Each structure stands twice: as C-alpha cells, then as structure tokens.
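1. Sharing a model prediction with you, sequence too.
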Amino acid sequence: MPDIRLIAADMDGTLLNEQGKISPRTLRAIQKAQEKGIIFSMCTGRFPEHCLAFAREAGLKCSVISSNGSVAYDGQSGRIIAQHLMPAASAWQVWELVRRYPLKCRVTMPGCYVDRYQEPLDFTSHFNYISQIMNRDYDVAYETGEEAMERRMRQPIYKTYIYPFDSPEARERMRHELEQIPGISVTSSGPRNVETMPVGVDKGTGLAELAAFYGIPLENVMAFGDYDNDLPMLRRAGYPVAMGNAKEDVKRAAWRVTAPNTEDGLAQAIEKYVLS
C-alpha cells in the first residue's frame, strides 16, 4: 500500500458529483482517511472563501488550495499559509485584452470578487447558495459591471476566469494573446474557459507549499484531477490519480485511473489505496 500522508483533490469533475456536491460515500471516505491522520485538501480554481463556505456546509473540515494555487489555507487554524497576487499592471493588461470581446469575466482578489456582467442569482442552485453564505459569513464583497472591473483591475488580484468561448480555436487565440502578457500564468479548467493567475503559480506550486507547511514529502501525496489545470498538481504528487472522466492527457500523467466523479471515483480510490 502507498504511504499516503496528504490527499489533494480538484473539486469540479473530481470531488463533486453531477449535482455539484460531495456524495455521502466520498465524504465518508475522506473522513475515514482523516481519522487515520491523513490531511485532506481541496485544490481548486474556485475563489478562497467559496471553498471555505463549501467545506463548512458539507461538514468537511479540511485544508484548501484555491484560485489555482494563488491562496492556501490550513484546515486546522483557517489561516492563510501562502498567498500570491498578480501585479496590478499585469491585471490591467489582461482586462485591456478581455474588454475587446463580449466575453464574461470573473475576477477574484482579497475580500472581493467581480463579474463583468450582472447575472440573476438563482439561489436554488448549490453554487449560488454557497456564494450567498460566502458573502454573508465571510464578508466578501460582490461587484458587477464594467465600472467595477475598470476599478478593480487596477489592483493586484488572485485570478481571472474568462468564458464562454464558442470554439476551441477562439479559446486558443485568447490563450496565445494572454501568454504575451508579463507577470501571469495561463490555464484552463474546462473546454470553454481560460484562467489567469500570477506568473509561476499553479496547482502544483500550491500543493508543494501546502505539503511543505505540514512537513510532508511530495512522494507521500496522492492527488486527484480531471483537466488541464490539474496537471501541474498531478505531476508533483507521488501518487497522481486521474478520474475516469478526465481528459486523455490527464490520464496519461496518472499513476492510476479511477472511476468517474459520477460513480464516486475519488471515494473508490481512497478506499482501495488508503483505507484497505
């Protein structure tokens, strides 16, 4: 059996099922691993306070690597153990490029997230329900509109999430243009989006910082993912596991491939390789 001391899991398409929730089986598997002294961490592109609110509502006490490695929280104390911000000059160049197109754009930064276009919030959806808790309990401001984007993108930020692209070709053109901007890293978490973070930051660097904080060698880490932005994390972990629904290049980078997220693939792998 592998000597696993830290488990890190992507959220969408990995930890979460088709309803966007942690299934009872997956939650039990994680908690049993924690009872054995294994640290569990979400490792996601989602914004920091959203992850904290989500974990709390799911009944899961865990560490969090958020915004694709830009921020990491210790699960016990809840304090930030690593934080990286995109320089204001780079953030502004990203906005100057994005505003030329009718694309949606979400920006996350300390204490605030901003949407370019205001959309009706459907609080029957779990995502927006968690957003409501985040705003209420974590004192995070939510702003919308071009004016807010103009103001906020003159400040250091964690991440931008740009979407939806009508074709792979359009997305790749945007990626190429973004990659010319100094001070940023570029990735994707789905076929219709592009995300930017501070240069040199990704889920792999976030995982390395979290593991170092706990004094855990990366060879004792198991990581789970399904898409491009998970690859840096999988390549750092001693035991990278791809979901059954993962892209083929993600599967090729994995030590093992488990079942899809719709079949509790994360739980199945923990049960087989950690709890057996």
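-> Now that the structure is in, tell me what you want to look at. Note that the structure is a prediction, hence the values are computed from the model and not measured. Numbers count the residues shown, from 1 in each chain.

2. Quick one: name whatever helix or strand follows the least confident helix or strand in the chain by mean pLDDT.
-> Ranked by mean pLDDT, DSSP states H and E, the weakest helix or strand in the chain is helix 126-137, scoring a mean of 81. Downstream of helix 126-137, the next assigned helix or strand under DSSP states H and E is strand 141-144.

3. Give me the contacts around whatever helix or strand comes next after that following strand.
-> Next helix or strand after strand 141-144 toward the C-terminus (DSSP H and E): helix 146-152. Contacts with helix 146-152, where a contact means Cβ atoms under 8 Å, 6 or more residues apart in numbering, come from 95, 99, 105, 107, 109, 112, 114, 116, 143. In short, each C-beta sits where N, CA and C put it, glycine included.

4. which element follows helix 146-152 toward the C-terminus?
-> Using DSSP H and E, the helix or strand that follows helix 146-152 in sequence is strand 159-163.

5. chain center to that following strand, what's the gap?
-> Counting by Cα atoms, centre = their mean, to the nearest Å, strand 159-163 is centred 12 Å from the centre of its parent chain.

6. residues in contact with that strand?
-> Residues contacting strand 159-163 (Cβ under 8 Å, 6+ apart): 45, 47, 67-68, 70, 86, 91, 94, 98, 103-108, 174, 190, 192-197.

7. the strands in the stretch 151-276 of the chain, which residues?
-> 159-163, 184-187, 194-198, 221-225, 239-242, 256-257 (DSSP state E, counting those that start in this stretch).

8. Turn the ones you listed into CSV, columns for mean neighbour count and distance to residue 137.
-> What follows is these, written out as CSV (neighbours: other Cβ atoms under 10 Å; distance: least, Cβ to Cβ, whole Å):
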stretch, mean neighbour count, distance to residue 137
strand 159-163, 24, 22
strand 184-187, 23, 29
strand 194-198, 26, 26
strand 221-225, 29, 28
strand 239-242, 25, 32
strand 256-257, 16, 37
